[in-house]
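> Dropping a prediction and its sequence here:
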Amino acid sequence: MTAAGKRLGQALLVPLAVLALWEGLSRAGVINPLILPSPTKVALRWWSYLAPLGPYAPADGPYLKWLVSGELLQDAAASLYRVVSGFAIGGGLGLGLGLVMGVSSTAYRLLNPLVQILRPIPPIAYIPLAILWFGLGNPPAFFLISLGAFFPILLNTIAGVRNVDAIYVRAARNLGAKGPVLFRRVILPAAAPHILTGVRVGYGVSFIVVIVAEMIAVNSGLGYRILEAREFFWPDKILAGMITIGVIGLGIDTALNRLSNHLLRWHRSLETS
Amino acid sequence: MSATAAPQILVEKVGKIFRSPEGDEIVALRDIDLAVSSGEFVCLLGPSGCGKSTLLNAIAGFSLPTSGRLVANGTEVAEPGPDRAMVFQEYALFPWMTVAKNVAFGLEIKGEPREAVARKVDGLLRLLNLSEFAGRFPKDLSGGMRQRVAIARVLALDAPVLLMDEPFGALDALTRKNLQDEVLRIWTEFGKTILFVTHGIEESIYLADRVVVMTYRPGTVKAVVSVVLPRPRDTASPEFNALKRRLTDLVMEEQRRHEEDEIRQVI
């Protein structure tokens, strides 16, 4: 057995054992299936959640459209759409304001007190206000998700720009750089490690907020679906939805990690990885 | 270069006063006079705290003097500029740029055409034996290699004056020796004017036409010693060692003042 194979085996050992135990206890009737259905039941439910609702009928349109017509894919797409849009709005604003507050100490002195007051309020606490202001549907969800992304990216960007090592700025000015060129080619890349940390944290918060927002303000998406499943007493569907949320979250996080490692491939702390 | 030509760097009655966080005034430099002619290699020598780096930073335009006058390349120093290229002890390479990009930076800022930049970068990397590292990031390089890149980066600017702030202070003895010869080679080949800050007595004699010894706080010029030995200099020769003894005496007087001052501060 190769070293990689051995590591994979070790990594899978405990999860598989837990699944086997869970399945065994369910089949033996020890666990009430209304509380916790068996893994096979959850898997079957997940499959039917994923699959298209009816057989393919050419009259309804192209095959590909039919293939993605399953409820799960529609829900996942709705949730992703909200996360990506909200993250883009909040992250963009956080990055822009963070750069301004990082570069200008006047802007920092004027705006930082307000930022510090608003920062500790969790985005979830804005739900009543979001509904009051934006009603139901996508707008309050966008608002809440962008709030989730905004603060981590804002704060990390400020810290990144303010902590740029003065020696880089000196060297760049000595080499003739000033103004926008100095900012774009020296300050921005020097702040990039902080900014990318902010992006990852901000994405994490956005992903939490989208699920909560969907449970409250809209009637589509993965968050909405698992809450709906509870009303129908479908614990297998709740679990199938949760697993989907986990898989998508892991996927996006891995992608962001890869992206960040690529952008920071020059960075010292990645030397050994 | 005729003897009557205007000096490349002119330092007149330069003083620099810092204010400490407690509000005390610290006189870092007082009444410094120094003229460096074109093509000359001058070392500033002294213990730490003598203001030699402060003087270099003032000439570079990073931190202007509080009194006196500084002229470099015929113009009054008011801000940093690529006519006075600086090599830092900490290398100060941009870690997010490859070796080639670091060397190209100054040329790109100047707005030189892409092909000209590529050609010059190629030549400089070859000159400093860095060609095979062109695509590497600074983190992959040893200290000596990084300082070579930093030297290539300032040579790209074609600056008449090179300011070097203890450039080899963090390097091991063998690497340092190597780079000293490299700098001498570049100095001869390109006819640069070099102002080189060091606390290495032997280093200053090995490199400089003139060694300017500075006093410990406030920094003033204690002595200017000309080194007239032919190059390459033999560090084991009696003449070299006579100079070394003389400079050691001068520097150690200031080092003792520095240490006494530190003891006073502790008490």
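Yep, that arrived.
> Pull the contacting residues for residue A:223.
Residue A:223 sits next to A:79, A:210-215, A:245 when contact means Cβ atoms under 8 Å, 6 or more residues apart in numbering or on different chains. Where C-beta positions appear, they are placed from N, C-alpha and C, glycine not excepted.
> Quick check: the farthest pair among those residues?
A:213 and A:245 (13.3 Å; Cβ to Cβ).
> Which one of the two is surrounded by more residues?
residue A:213 (31 against 20; other Cβ atoms under 10 Å in any protein chain shown).
> Around chain A, pick out the residues from the stretch 151-267 of chain B.
B:153-154, B:157 (Cβ under 8 Å from any Cβ of the partner chain).
> who's in contact with the residue of chain A most remote from its centre?
Seen from the C-alpha centroid of chain A, the residue lying at the greatest distance (Cα atoms, centre = their mean) is residue A:174, 41.5 Å away. Neighbour list for residue A:174: B:60, B:62, B:80-82, B:84-86 [criterion: Cβ under 8 Å, 6+ apart].
> Near chain A, list only the ones from those.
B:60, B:62, B:80-82, B:84-86.
> Restricted to helices, list those.
Counting by DSSP state H, the part of these found in helices is residue B:60.
> Please pick the buried ones from the ones next to chain A among the contacts of residue A:174.
B:60, B:62, B:80-82, B:84-86 (16 or more other Cβ atoms under 10 Å in any protein chain shown).
> Which parts of the chain are helices?
Here I'm looking at chain A. Using DSSP H, helices in chain A cover A:3-27, A:39-50, A:63-67, A:71-103, A:105-118, A:127-134, A:138-162, A:166-174, A:179-182, A:188-216, A:222-231, A:235-263.
> was after chain B, sorry
B:52-60, B:99-110, B:114-127, B:143-155, B:173-190, B:201-207, B:238-266.
> got CSV for those helices, with mean pLDDT too?
Converted to CSV, those look like this (pLDDT from 0 to 100):
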stretch, mean pLDDT
helix B:52-60, 94
helix B:99-110, 96
helix B:114-127, 96
helix B:143-155, 95
helix B:173-190, 94
helix B:201-207, 96
helix B:238-266, 92
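> Those helices: which one's closest to residue A:38?
Nearest to residue A:38, of the helices of chain B and by Cβ to Cβ, is helix B:99-110 at 58.0 Å.
> contacts for the closest one?
By Cβ under 8 Å, 6+ apart, helix B:99-110 touches A:172, A:175-177, A:181, A:185, B:82, B:85, B:93-94, B:97, B:116-118, B:120-121, B:124-125, B:130, B:133-138, B:141, B:149-150, B:152-154, B:156-157.
> Narrow those to those that are buried.
Using 16+ other Cβ under 10 Å, the buried ones in the contacts of helix B:99-110 are A:172, A:175-177, A:185, B:82, B:85, B:93-94, B:97, B:117, B:120-121, B:124-125, B:130, B:133-134, B:136-138, B:141, B:149-150, B:152-154, B:156-157.
> and residue B:246, which of the helices of chain A is closest to it?
helix A:166-174 (34.2 Å).
> Just the CA trace of the closest one, in CSV.
Extracted in CSV, the C-alpha atoms of helix A:166-174 (Å, rounded to 0.1, in the frame of the first residue of the first chain):
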residue,chain,number,x,y,z
ALA,A,166,7.6,50.8,5.4
ILE,A,167,10.8,49.4,3.7
TYR,A,168,8.8,48.4,0.6
VAL,A,169,7.4,51.9,0.3
ARG,A,170,10.9,53.4,0.8
ALA,A,171,12.4,51.1,-1.8
ALA,A,172,9.6,51.8,-4.3
ARG,A,173,9.8,55.6,-3.8
ASN,A,174,13.6,55.3,-4.3
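> got the angle for that helix vs helix B:52-60?
Relative orientation of helix A:166-174 versus helix B:52-60 (axes from the mean of the first three to the mean of the last three Cα atoms, to 10 degrees): 40 degrees.
> Over helix A:166-174, what's the mean pLDDT, rounded is fine.
When pLDDT is averaged along helix A:166-174, the result is 95.
> in it, what's buried?
A:168-174.
> count of neighbours near the residue nearest to residue B:217 when sequence neighbours are not counted?
Counting by Cβ to Cβ, 6 or more residues apart in numbering or on different chains, residue B:217 lies nearest to residue B:49, which is 5.5 Å off, once chain neighbours are set aside. Residue B:49 is flanked by 20 other residues according to other Cβ under 10 Å.
> State the distance from residue B:49 to chain A.
Distance, residue B:49 to chain A, using Cβ to the nearest Cβ, to the nearest Å: 20 Å.
> Isn't that residue up against residue B:215?
No: in this structure, residue B:49 is not within contact of residue B:215 by Cβ atoms under 8 Å, at 10.1 Å.
> could you list every residue that touches the residue nearest to residue B:90 when sequence neighbours are not counted?
The shortest distance from residue B:90 to any non-neighbouring residue, by Cβ to Cβ, 6+ apart, is to residue A:167 (5.7 Å). Residue A:167 is in contact with B:88, B:90, B:92, counting by Cβ under 8 Å, 6+ apart.
> wait, the first one sits on residue B:163?
The reference is to residue B:88. No: with contacts defined as Cβ under 8 Å, residue B:88 does not count as touching residue B:163, sitting 9.4 Å away.
> out of these two, which sits in the more crowded spot?
Per other Cβ under 10 Å, whichever of residue B:88 and residue B:163 has more neighbours is residue B:163, with 26 against 21.
> Can you give me the distance of the closest residue to that one other than its chain neighbours to residue B:57?
Closest residue to residue B:163 apart from its sequence neighbours, by Cβ to Cβ, 6+ apart: residue B:86 at 4.7 Å. Relative to residue B:57, residue B:86 is positioned 9 Å away (Cβ to Cβ, to the nearest Å).
> Run through the bridge partners of residue B:194.
residue B:41, residue B:162 (DSSP bridges).
> can you tell me how far it sits from residue B:102?
Taking Cβ to Cβ, one finds residue B:194 at 21 Å from residue B:102.
> Which residue of those two possesses the greater neighbour count?
Between residue B:194 and residue B:102, counted using other Cβ under 10 Å, residue B:102 has the larger neighbour count: 26 against 23.
> okay, now residue A:165: neighbour count?
Neighbours of residue A:165 (other Cβ under 10 Å): 12.
> Test my guess that it contacts residue A:190.
Yes: Residue A:165 lies in contact with residue A:190 (Cβ under 8 Å); the separation is 6.7 Å.
> Get me the contact residues on the stretch 151-273 of chain A for chain B.
Counting by Cβ under 8 Å from any Cβ, the stretch 151-273 of chain A sits next to chain B at A:167-168, A:170-177, A:181, A:185-186, A:189-190, A:192, A:265-268, A:271.
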